[in-house]
Structure formats: structure tokens, C-alpha cells
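>>> Next input, structure requested:
(one chain, ligands or ions: 3)
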Amino acid sequence: MTDSIQVAEIDSFHLLIEGLKLNGIETIYALPGIPITDLCRKAQAAGMRVISFRHEQHAGNAAAIAGFLTQKPGVCLTVSAPGFLNGLTALANATTNCFPMILISGSSEREIVDLQQGDYEEMDQLAIAKPLCKAAYRVLEAEDIGVGIARAIRSALSGRPGGVYLDLPAKLFTQSLPIEEGRQSLIKVVDPAPRQIPAPEAVARALELLKGAKKPLILLGKGAAYARAENEIRQLVEKTGIPYLPMSMAKGILPDTHEQSAAAARSYVLPEADVVVLIGARLNWLLSHGKGKTWGGKTSKTWGGQQYIQIDISPIEADSNVPIAAPLVGDVGSCVSALLAGIGNNWAKPPADWIGAIADRRTKNVAKMAETLAKNPSPMNFQSALAVVRDVLRDQPDTVLVNEGANALDFTRSIVDMYKPRKRLDVGTWGIMGIGMGFSVAAAVETGEQVLSIEGDSAFGFSGMEVETICRYNLPVCIVVMNNNGVYKGTDVNPTGGPDVAPTVFVKNARYDQMMVAFGGVGVYATTPEELRQGIDEAFRSRRPTLINAVIDETAGTESGRITSLNPTAAKKTA
Ligand code: FYN
Ligand code: ADP
Ligand code: MG
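Ligands and ions are numbered 1, 2, ... in the order given. Sure, this is the predicted structure:
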């Protein structure tokens, strides 16, 4: 370029920013550093919201749950090698959970990486990401940025959603294009998640099977929540009169207080049902692979032998564990609508003895639960603390509940009713710890709603430093740390009598509330349900970042919560 013929140029930073914005992506979850610091700055200068974290894993978790909440891929931006690896856990978790996200990482120069000449943060990131995500792409030329973004968006959103990796070597950021040419190279993706209509014969097969059922059950998974098909699902449930069971993150698709919910009769309905309609739920470990024993250790009745109708957008999900008699491949909304059309208005409701037996079980379990929740032990236990949380959600059902831990997770899931879809965000398919603060940040940023995070004291530790992030962006997040002094519980001892505490035990009576105070937020120390309720009410009123250290009886937890059966030695101890 000479002084006399000035051609306006657009650099790679701005091509990337404009390419994302063109596709409706307005927020980036990031951790700045070489070579993407300027990308963060320029994105903010261009009007994007750049939420910057203290560790990439939490930025990645934020992007992943943003994807689940919005049906747009959440974007996480990291530096090369170590930063990329820190983000990778979140990318893999997103893929496992079918959350759409794009991890964009800067990387070192190809020539040096490929000859292993020892570049700054040298790593073949593309090769490492590939097996852990749905798709991985690298962009080497500025003119390909538009295509790279388009391919990443389509890969993340279409079919079964998942994580996508986009590799951007540092050299890319030194390039630019004439402004018109650059802008024309960008792509606005048309219909990135096309509806998938099920085949009429597949619908007929499913209806035929359902018609003959004596003990039908609908099982809702987080794929149904993601699909935003709550209206169709409610019609299906209410028109057919079939009882339904929500998986953890499907709670609230219909209110948990709905009379057809069989959640409180879970271990009864699963083995007893004869035809199960799976809607966006996989028959993985969380459902005993469709054949295992029921959970909770109380009954060991094996199930299996059920016939399944499985609604799923992935054509290869059916038969992954047990035979599926009637697979229905398509998006949840289209599939449920097709069933509804075939059902008409004269569908025979399920036999009264099935409905009655479920109601009996439910009544018994609800009464038992009410009895436990009414107790007011000192110190608090999980139940007495969570009775408070249950009331809060009932009073303010728009609250987004983030939940992780072992006991803190399992008790919350069964005690705290959800009333609206996509309000419960938790450890998902992997049972991963560390999603807490990343999910909380994104839930607040994406929804604008009050967030309430119920955290085990161990679980909180994985992402606890992000309370600074929560304070920095002044987000309406109220964290309750269920502090029982350890992993599962705080009472283990070192059998040798040596000076080290047991591996599951933390500092006794730690003051997690003071972590929040350190960054200008509100800390609350709660030893009673009343203090807990006051702390939450004040947090919701002020919408200030708040951390409530809820002192829980250190003997209260069980090993591995309700999945003790997966922990070989603990299972043996209780057998
Ligand atoms: C449920 N229940 C209720 C209610 N809701 N009773 C009364 N009232 C209400 N509202 C009963 C339900 O019938 C069960 O009793 C029990 O409470 C537990 O319900 P839940 O939690 O739905 O069922 P369960 O058996 O625990 O579910 C299995 C599971 C679940 C695998 C899907 O445990 C799960 O999602 N686990 C994830 C664990 C995890 O990822 N942990 C992180 C790693 S922790 P019964 O019917 O009597 O059985 C590392 O250690
Ligand atoms: P849960 O843990 O709640 O049972 P899973 O994550 O195991 O849920 O299953 C979700 C399922 O939903 C996946 O098999 C996925 O392919 C499917 N899915 C995701 N989005 C859609 C959609 N829009 N339509 C249909 N199925 C979907
Ligand atoms: Mg604990």
C-alpha cells in the first residue's frame, strides 16, 4: 500500500468479531493472554460483551451453558496450549451433554509446531481437540475466517448439539483484507439447526406401541428442555394422561408439582412401566442403561423388558443400550407434534390401577419427605437447609438454580421443585464437579434472572475463585455453600494417627462467606434455616453477589450421595 492509494483494510480480529456478530453472537467468555488479548479488547470495543474469567475451564463451562440456555453456540476464547487445555474439559463436557459451544483458542505457528522446534506454548491443539468434540477446524488465512465461523456454528447447532473447536494460529492475526472483500467473505448462516421431521411410518409405529401400553411412562431428558418443546410436551402429557418422569435438568419442563409427575415414585415406575417414551433422554448410566437395578439402594429389583419409543435427533442413539422398538428420529418439537396429531382427542387414558399405584407411592414418599423436612435439627442437615431453598423457588420460580456436589446435588434434586423449563443447571451426564461458578455467571449474563447456586463445599472449591468474576461484573448470583467440612462428610480420620487429616476432610469451620467479602460482595454465615432464608431474601432483594456459608452437620452426608453403588468400596461397606 502506498500513501497515494489508501485502501481501507479489515484485520483478522475484526473479521472474526464481525463474523460472530453477523450470526447473532454478542457475548464471549474469555481469558485474555497471548495471542488473543487484543481480540478480547477489540471485541469489547466493537460492542460485544466480553466476560473475562480467572481460569479457562470456567469460561468454557459458561459458554457451554450459555449454549444450552439460548440455542446459540456459547463462545469461549482462550490462549494457546495450557489455556486451551484448561478449556478442553469444558468442551468435552459440553459435547457429552449435547450443549452447543465453540472453543476458540489461539495457537503457535504451524511450521514450528509440526517440526516440534519448541515454540512458545507449542502444541498440536487441533489434533488434541478432535476426539473430544463434535468437530474441529483450523483457519490459516484471513479470507477463510467467515467459512470457519460458519462451519463451527453449523457443527455446534445442527443435529445433536455439541462442542466445536476452532484453532486460530497467531499468524492469522497479522493478516488483513481490503475491507469490502473481507466483509463479503463473511457468512450469515441460514437455518443452522433445521427442524427434523420424523417419518410418518415411524410415528405410526410409535403410536401403535403406545396404544397397547398398560403401564405407559414418559421420560423427559434435557434434550427436551434444550429443544424448547415444553408446550408440545405439556399437551402430549395432558392429552394422553400418561405419567412422566423428568431427568435432572428436565425438571420444570412441566412444573414438578404437576399431578402427572411420577418423580416421587421414581424407583417404582421405572421397573414397572411397560412402554416408556424417551423424549430427549439417553439410556445411559443415569437410567441404569435401561436394565440395571434401581437407585437409592433400597430396592434391587432389576428392570428391563420394557418397550421403548425413543425421540431423539441423533439417528444412532437408538439401540445404544437396549433394543428400541419404535425410534422416532427428529427434533423433539416436531416428533411430539406428530404424535399429538395422531393421538387426536379420543385417546384412552392409561388404566386406573397404574395411575392409582403411582399415586399411592407418590403420596407415601411425599409424606415421608414432608416429615423429614419438618425436622429442625441443630446443626442443620441438608434437608432442613434445602427446605428453605424449596420455598424460595416456589415463591420465585424464575430463579435459575445451579447445583453441584454429591449430597448437595442429590438432596437438592429431589427436594427442590422446579416450575419452569431450563431453570435447573447441574452436573449433567458426567457428574462433573466445577461447573458451579461458570454456569452461574452465564446464567446471570444470558437470562438476567436471579441465580441461586447450591454448592457442596467440595464442589465449590473447583471454581471458587470465580467469585471475583461474579463481583467484578456485579452479577445477581447468590451462592449457598453447604459446608459439612469435607467431601461427602467431614468426619473421616487418618487411621495412622499421623499429622495429616483424612483425604476427604477440609479445614474445619471454614468461612467461605469471607471469600465473597474479600471482593466486595456480601458474605453471610448461616447456622439456622431462618438465617439462611434471610440471607437469600436479602440477596434477591439487593441482587448483589452473595455467598452464604450454610453450616451443615459434618456427619450428615453419605459417601457418593445416592450413587454409592458406583463407588466400589463404599458399595461393599453398605452391602
Ligand atoms: C423425588 N423423590 C421424592 C420427590 N422427588 N420424594 C418425595 N417428594 C418429591 N418431590 C424421591 C424419589 O422417588 C426417589 O425415591 C428419591 O426421592 C430420589 O429421587 P431422584 O434423585 O430423582 O432419584 P435417584 O434414584 O437418586 O436417581 C438416580 C440418578 C440420580 C442416577 C438419576 O441419582 C442422579 O441424577 N445422580 C447424579 C449423581 C451425580 O452425578 N453425582 C455427581 C458425582 S458425586 P425412591 O423412588 O424411593 O427411590 C461423586 O461422588
Ligand atoms: P438426560 O441426561 O436429561 O437424560 P441426555 O443428555 O442424556 O439427557 O440426552 C439428551 C438427548 O437429547 C441426546 O440424545 C440428544 O441427541 C437429544 N437432543 C438434543 N437436542 C435435541 C432436539 N432438539 N431434538 C431431539 N433430541 C435432541
Ligand atoms: Mg461436603
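
>>> For the stretch 351-500 of the chain, which residue gets nearest to ligand 2?
Thr429 (5.2 Å; CB to the nearest ligand atom). C-beta: built from backbone N, CA, C; applies to glycine.

>>> Tally up the residues packed near that residue, please.
Number of residues near Thr429 (other CB atoms under 10 Å) recorded here: 20.

>>> Show the pLDDT at it.
According to the model's per-residue confidence, Thr429 sits at a pLDDT of 98.

>>> The one 5 residues further on now?
pLDDT, the model's per-residue confidence, is 98 for Gly434.

>>> Go ahead and confirm it touches Gly464.
No: counting by CB atoms under 8 Å, Gly434 stays clear of Gly464, with 9.8 Å between them.

>>> pLDDT (mean, whole number) over stretch 521-530?
98.

>>> Which residues of the stretch 301-450 of the chain lie near ligand 2?
Counting by CB under 6 Å from any ligand atom, the positions of the stretch 301-450 of the chain adjacent to ligand 2 are Asp312, Ile313, Ser314, Glu317, Asp331, Val332, Thr429.

>>> make it 8 Å
Ile311, Asp312, Ile313, Ser314, Glu317, Gly330, Asp331, Val332, Gly333, Cys335, Gly428, Thr429 (CB under 8 Å from any ligand atom).

>>> Out of the residues you listed, which comes closest to ligand 3?
Nearest to ligand 3 among these, counting by CB to the ion, is Gly428 at 19.9 Å.

>>> helix/strand/coil for Pro350?
coil (DSSP: H, G, I helix; E, B strand; the rest coil).

>>> residues near it, how many?
The tally of other residues near Pro350 (other CB under 10 Å) stands at 20.

>>> same thing with Asn93?
Counted by other CB under 10 Å, the residues lying close to Asn93 total 24.

>>> Could I get the contacting residues of it?
If you count contacts by CB atoms under 8 Å, 6 or more residues apart in numbering, Asn93 has them with Asn61, Ala64, Phe99, Gly428, Trp430, Ile432, Ile435.

>>> so which of the residues you listed is the most crowded?
The residue in these with the most neighbours, by other CB under 10 Å, is Asn61 (37 neighbours).

>>> State the distance from that one to Lys375.
To Lys375, Asn61 is 35 Å away according to CB to CB, to the nearest Å.

>>> cool, and Pro169?
Using CB to CB, one obtains 60 Å as the distance from Pro169 to Lys375.

>>> So for the two, which residue has more residues nearby?
Under the criterion of other CB under 10 Å, the comparison of Pro169 against Lys375 puts Pro169 first, with 21 against 10.

>>> what ranges do the strands span in the stretch 1-150 of the chain?
Listed in chain order, the strands of the stretch 1-150 of the chain (DSSP state E, counting those that start in this stretch) span residues 9-11, 27-30, 49-52, 74-78, 101-107, 135-138.

>>> Reformat those strands as TSV; add mean pLDDT.
Conversion of these to TSV gives the following (pLDDT from 0 to 100):
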stretch	mean pLDDT
strand 9-11	97
strand 27-30	98
strand 49-52	98
strand 74-78	98
strand 101-107	97
strand 135-138	98
